[in-house]
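Chemist: After the sequence you'll find the predicted model.
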Amino acid sequence: MNKQIILKNRPEGLPDNNTWELQENPIPEPKEGEVLIKHHYISLDPAMRGWMREGKSYIEPVELDDVMRAGSIGEIIKSNNHPRFKVGDYVTGWGGVQQYAVTNGDNWYAVDPNLAPLPMYIGTLGMPGMTAYFGILEVGKIKEGDIVLVSGAAGAVGSVVGQIAKIKGCRVIGIAGGKEKCSYIKDVLGFDAAIDYKSEDIYEAIKNECPKGIDVYFDNVGGEILDAALSRLRMHARIVICGAISQYNNMENMKGPKNYLSLLVSRATMQGMVVMDYAKDYGSAAREMGGWLAQGKLKSKEDVYEGIENFHETFLRLFSGNKMGKLVLKVIEA
């Protein structure tokens, strides 16, 4: 049987026990030109909270009674004359939160499990890593000597953003929650400084760590931290809007920035980014990032939990902050 997480209700605020239902259904059979994938790992990302919400967005919402959308990686165990993939191939794509998936292969990519651990392909070498790479390089347009501030700096995207900025010769300050995470981004990842938003006044801390202001702010959280960053912009600064995790579970309307006039004063830009826009260049980005990993310039951390039955409580770690690096759920059974 195929264990699946089905979206049953659109949550208001933090998803609760009524949001999803664990179902067991027959393992599907691939039709002509399709393959059957046995999932090993599922990617858990803050964006999934937005995919449950009705309304205009960059992607259609998950429909009620459908499998919850998620990135995944697994092994092809059956093929019905597929032109590209064969049994034994490992592939990554949008398989959803389930143990088995059937696909015609569109938007699925083969990976080599001998080159990197499978969870890394849905982390640093997957959507989060691609988001960091294109967000900081193409949207942030960093250059050597820039002062770069990153929120959510111990997370899957923020941790890679900061490391890429360091590789490119920037001064990097990360914002994270708690002493452990702040120590991690400084001592392990090599950030120049860390701000603990849980114990420090965010406005004063940014002022102290960025006395000359900020050239690039990479925003993963929104809310008050975005406002604080806007107050310290240098001339022609760039703000990359990647996410707003502080706002996703609001019971009220989303809170926008109060300090937006700083953009005018500093002739700055604020631009949203969606990683899917850069899909044609994923291969070249992965090759460069793979080189950095091999050279030890880039470090990758996956926080792996087990059991599709534990999807709900594991997913909530995204919003409690009780995780480090990329959050991954192992769904394969022995």
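Modeler: Sure thing, it's come through. Just so we're clear, the structure is a prediction, and the values are computed from it rather than from any experiment.
Chemist: So what does Lys168 look like in phi/psi?
Modeler: phi -90, psi 10 (degrees, to the nearest 10).
Chemist: Count the residues that sit near it.
Modeler: With neighbours defined by other Cβ atoms under 10 Å, the count for Lys168 comes to 17. For every residue, glycine as well, the C-beta is placed using N, CA and C.
Chemist: Then Glu309?
Modeler: 12.
Chemist: Please name every helix or strand in contact with the one helix or strand Gly291 maps to.
Modeler: Here Gly291, judged by DSSP states H and E, is contained in helix 282-295. Packing contacts for helix 282-295, counted by 3 or more Cβ pairs under 8 Å, 6 or more residues apart in numbering; DSSP states H and E, involve helix 127-134.
Chemist: Format the CA atom coordinates belonging to the helix holding Gly291 as CSV.
Modeler: Written as CSV, here are the backbone C-alpha positions of helix 282-295 (Å, rounded to 0.1, in the frame of the first residue of the first chain):
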residue,chain,number,x,y,z
TYR,A,282,19.7,24.6,-12.6
GLY,A,283,22.3,22.3,-14.2
SER,A,284,25.1,24.9,-14.4
ALA,A,285,24.3,26.1,-10.8
ALA,A,286,24.4,22.6,-9.4
ARG,A,287,27.8,22.0,-11.1
GLU,A,288,29.3,25.2,-9.6
MET,A,289,27.8,24.4,-6.2
GLY,A,290,29.0,20.8,-6.4
GLY,A,291,32.5,22.2,-7.0
TRP,A,292,32.3,24.4,-3.9
LEU,A,293,31.1,21.4,-1.8
ALA,A,294,34.0,19.3,-3.1
GLN,A,295,36.4,22.0,-2.2
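Chemist: who touches it?
Modeler: 109, 115-116, 124-125, 129-130, 133-134, 163, 167, 278, 298-300 (Cβ atoms under 8 Å, 6 or more residues apart in numbering).
Chemist: dump the residue contacts of Glu138.
Modeler: Applying Cβ under 8 Å, 6+ apart to Glu138 gives the contacts 273, 278.
Chemist: tell me the pLDDT at it?
Modeler: Looking at Glu138, its pLDDT stands at 97.
Chemist: Over to the one 10 residues further on?
Modeler: Taken from the predicted model, the pLDDT recorded for Val148 is 98.
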